[in-house]
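Trainee: Below are the sequence and a predicted model for it; my questions follow.
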Amino acid sequence: MQEAKAPEKERFHPSFWTANTTELFERGAYYAMASFVVIYLGRLGMGKYWPSTLNGLLWTLVYFLPILSGTIADHIGFRRSLLLAFVLLTGGYFLMGAPVWLFDAPLAEKAGDTLTSPVWMSALIVAAMILIGIGGSFVKPCISGTVQKTAGKRATLAFAIFYMVINVGSLCGRGVSYFIRTKFGLPYIFSVAMGSALVALLVVAVAYKEPPVPADQPAKPKRSILRILLDMFLVLGNWRFSLFLLVNSGFTFVYSQVYNVLPLYLEKVLEQKPAVDIYTMANPFVIVFFQLAVTRMFGKMKPIRSIVVGTVIIAAAMLINIVPLFMAGGARMPIIKWLPVGSLFVVLTVALIAFGELFAQARTYEYIGALAPKGQEGLFLGYANLPMAIGALTGGPVGAWIFNGVMCKGAVKNSAGLLDLQPTAAVWGWMILMGVGLASALLMYAYNIVITKYPARA
């Protein structure tokens, strides 16, 4: 009598692995340059406010356009969409470095306050950001859609791998960028981004295949642009959902300051040549190493409460930067030869924000799925990134104002070219950022009370 064979373990479709490999390089490309965008634009002569404003525009495109690009991807297929995306991304990263590479634009030692860049340079940078924003918006729905279609019965594991790959790519991109930047100069962070995008393009061209549609999954209806606009009115006409998106955008506003206020604070106040890419590695590091522990310990917490806790954490993350201002020796007092105490607290800020992200961001999708009317969960989840777009759009210009108009009020430039801040003004800047986070948490708590009191009709 033959022994019964153990059932073979279900394997992921090859497209699952090529999609994750593609995502690894795409995230590596983006985060190779993300930490230095505002500093680079400031050194090109774009003044106090335009660098953060343009950076906010880039983030807004990346998080808003998937509503449209996801539909286009459904029409033309994921493979074609990804090929188009990485051509656009490669071109966008090239144009970001082009002012220096092709036109020998002068790059100042420090980000300046005066707008001196010519109109053609600003137009080139805007064009670059549009290409990056459109390209990035195609990648998100195609990769996550591939993971969903190829996950089978192991969706939880599949998305855990996917989320891990995102953060490993972020770590690798920042690490490689640091090596290239310190060896060849700041503009070459865009060569790292461009090279990573080209590798991703090659992976898609050679190895990626359209994911199979599961037999038990109904065909996804094609949507026209008109249908998308009508759906947007349908979704945003749900007051519970619209109010949630608006309140939740406060989290993203504070989160976006990791790439707006913190780089400026490091560059203009704390250090001559800050390793912003290395310091911001604290974010993906925390997520990679603590995601499982936080999920196990706090996974049973109700989603809305978890979002509130995460938002309070990021508010506290901003507040801790007040401490070095009143330490003996000030924020530039060296802990070790190359690390000022203020920079150490910036790293702690980034790490704490990552913990806030673990509590808030993952549970946001779960909450939206529960908030959506029955049968419309997919439609509502398609708009889940709108808080990111709203927070980024406001976070850029407002973050620039908080740093330049509040923190730096009355500041004096010393002989080393760094700003000596007035402690009271600096405290007010950090307090405003903390206040936005706490206000968002309180509004989310109040929102939960209101919708609990007035449940949705069947």
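Mentor: In hand now; what should we look at? Numbers count the residues shown, from 1 in each chain.

Trainee: Next, count neighbours for Leu371.
Mentor: A count of neighbours around Leu371, defined by other Cβ atoms under 10 Å, yields 17. To be clear about C-beta, it is placed using only N, CA and C from the backbone, and glycine gets the same treatment.

Trainee: hang on, it packs against Phe380?
Mentor: Yes: at 7.1 Å, Leu371 counts as touching Phe380 under the criterion of Cβ atoms under 8 Å.

Trainee: Name the residues contacting each of these two.
Mentor: Residues touching both Leu371 and Phe380 (Cβ atoms under 8 Å, 6 or more residues apart in numbering) are Phe241.

Trainee: so how far is Lys300 from the residue nearest to Met333 when sequence neighbours are not counted?
Mentor: Among residues not flanking Met333 along the chain, Val341 sits closest, at 5.0 Å (Cβ to Cβ, 6 or more residues apart in numbering). Distance, Val341 to Lys300, by Cβ to Cβ, to the nearest Å: 38 Å.

Trainee: Of those two, give the one with the bigger neighbour count.
Mentor: Counted by other Cβ under 10 Å, Val341 and Lys300 do not tie: Val341 has more neighbours, with 19 against 8.

Trainee: Kindly state the pLDDT recorded for Ile134?
Mentor: Listed pLDDT for Ile134 reads 94.

Trainee: what about it, how many residues close to it?
Mentor: For Ile134, the count of nearby residues is 19 (other Cβ under 10 Å).

Trainee: who's in contact with it?
Mentor: Neighbours of Ile134 in contact, by Cβ under 8 Å, 6+ apart: Leu61, Leu65, Ser69, Leu88.

Trainee: Can you tell me which one of the residues you listed sits lowest on pLDDT?
Mentor: Of all these, Ser69 has the smallest pLDDT value, namely 84.

Trainee: Quick one: neighbours of it, just the number.
Mentor: Neighbours of Ser69 using other Cβ under 10 Å come to 23.

Trainee: What are the buried residues along the strand or helix carrying it?
Mentor: Assessed by DSSP states H and E, Ser69 sits inside helix 66-76. Residues Pro66, Ile67, Leu68, Ser69, Gly70, Thr71, Ile72, Ala73, Asp74 are the ones in helix 66-76 that count as buried (16 or more other Cβ atoms under 10 Å).

Trainee: returning to what we had before: tabulate the contacts of Ile134 in a markdown table, adding columns for distance to Ser177.
Mentor: Below are those laid out as a markdown table (distance: Cβ to Cβ, whole Å):
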| residue | distance to Ser177 |
| --- | --- |
| Leu61 | 21 |
| Leu65 | 25 |
| Ser69 | 26 |
| Leu88 | 20 |
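
Trainee: Ala123: how many residues sit nearby?
Mentor: Neighbour tally, Ala123, other Cβ under 10 Å: 10.

Trainee: what about it, distance to Ile130?
Mentor: 11 Å.

Trainee: Tell me the secondary structure of Thr252, please.
Mentor: Following DSSP: H, G, I helix; E, B strand; the rest coil, Thr252 is assigned to helix.

Trainee: ok, it touching Pro387?
Mentor: Yes: using Cβ under 8 Å, Thr252 is in contact with Pro387, at 5.3 Å.

Trainee: quick one on the thing from earlier: show me which of the contacts of Ile134 are buried.
Mentor: The neighbour-count test (16+ other Cβ under 10 Å) marks Leu61, Leu65, Ser69, Leu88 as buried among the contacts of Ile134.

Trainee: so what's the third one up against?
Mentor: By Cβ under 8 Å, 6+ apart, the contact list for Ser69 reads Ser81, Ile134, Ser137, Phe138, Pro141.

Trainee: ok, these vs Trp430, which is closest?
Mentor: Comparing the contacts of Ser69 against Trp430 with Cβ to Cβ places Ser137 closest, at 32.7 Å.

Trainee: ok, back up a step: quick check: of the buried residues of helix 66-76, which lies closest to Val235?
Mentor: Relative to Val235, the closest of the buried residues of helix 66-76 is Ile67; by Cβ to Cβ it sits at 9.7 Å.

Trainee: Wait, that closest one touches Leu236, no?
Mentor: No: assessed by Cβ under 8 Å, Ile67 is found out of contact with Leu236, at 11.3 Å.

Trainee: Common neighbours of the two, please.
Mentor: Counting by Cβ under 8 Å, 6+ apart, the shared contacts of Ile67 and Leu236 are Tyr383.

Trainee: Let me see the confidence value for the residue nearest to Gly97 when sequence neighbours are not counted.
Mentor: Nearest non-adjacent residue to Gly97, counting by Cβ to Cβ, 6+ apart: Phe190, 3.7 Å away. Predicted confidence (pLDDT) for Phe190: 97.

Trainee: again, but for the one 4 residues further on
Mentor: Model confidence at Met194, given as pLDDT, is 97.

Trainee: looking at this, it is in a helix?
Mentor: Yes: per three-state DSSP, Met194 lies within a helix segment.

Trainee: The closest residue to Tyr178 other than its chain neighbours and Leu236: what is the separation?
Mentor: The shortest distance from Tyr178 to any non-neighbouring residue, by Cβ to Cβ, 6+ apart, is to Asp277 (4.7 Å). From Asp277 across to Leu236, the span is 37 Å (Cβ to Cβ).

Trainee: Looking at those two, which is more packed in?
Mentor: The neighbour comparison of Asp277 against Leu236 (other Cβ under 10 Å) goes to Asp277, with 26 against 13.

Trainee: Now the element after the helix or strand containing that one, going C-ward?
Mentor: Assigned by DSSP H and E, Asp277 belongs to helix 276-279. As assigned by DSSP H and E, the chain's next helix or strand after helix 276-279 is helix 282-298.

Trainee: And stretch 354-370, what's buried?
Mentor: Of all the residues in stretch 354-370, those buried under the rule 16+ other Cβ under 10 Å are 354-364, 367-368.

Trainee: now it, how far from the chain's geometric center?
Mentor: In terms of Cα atoms, centre = their mean, to the nearest Å, the centre of stretch 354-370 is found 14 Å from the chain centre.

Trainee: Which stretches in this protein count as strands?
Mentor: 334-336, 339-340, 412-413, 419-420 (DSSP state E).

Trainee: who touches the second one?
Mentor: When you say that, I think you mean strand 339-340. Leu270, Glu271, Pro324, Ala331, Arg332, Met333, Pro334.

Trainee: among those residues, who's most crowded?
Mentor: Busiest of these [other Cβ under 10 Å] is Ala331, holding 25 neighbours.

Trainee: Gly429: which of the buried residues of stretch 354-370 is nearest?
Mentor: Lowest distance from Gly429 to the buried residues of stretch 354-370 (Cβ to Cβ) belongs to Gly356, with 19.4 Å.

Trainee: In this model Ile307 seems to touch the closest one, though I could be wrong.
Mentor: No: Gly356 is not in contact with Ile307 according to Cβ under 8 Å; the separation is 9.7 Å.

Trainee: Show the contacting residues for Asp420.
Mentor: Each residue near Asp420 by Cβ under 8 Å, 6+ apart is listed here: Ala411, Val412, Lys413, Asn414.

Trainee: Can you list the low-confidence ranges for the protein?
Mentor: Along the chain, the model assigns pLDDT under 70 to residues 1-10, 156, 213-225, 228-229, 362, 374-379, 381-382, 453-458.
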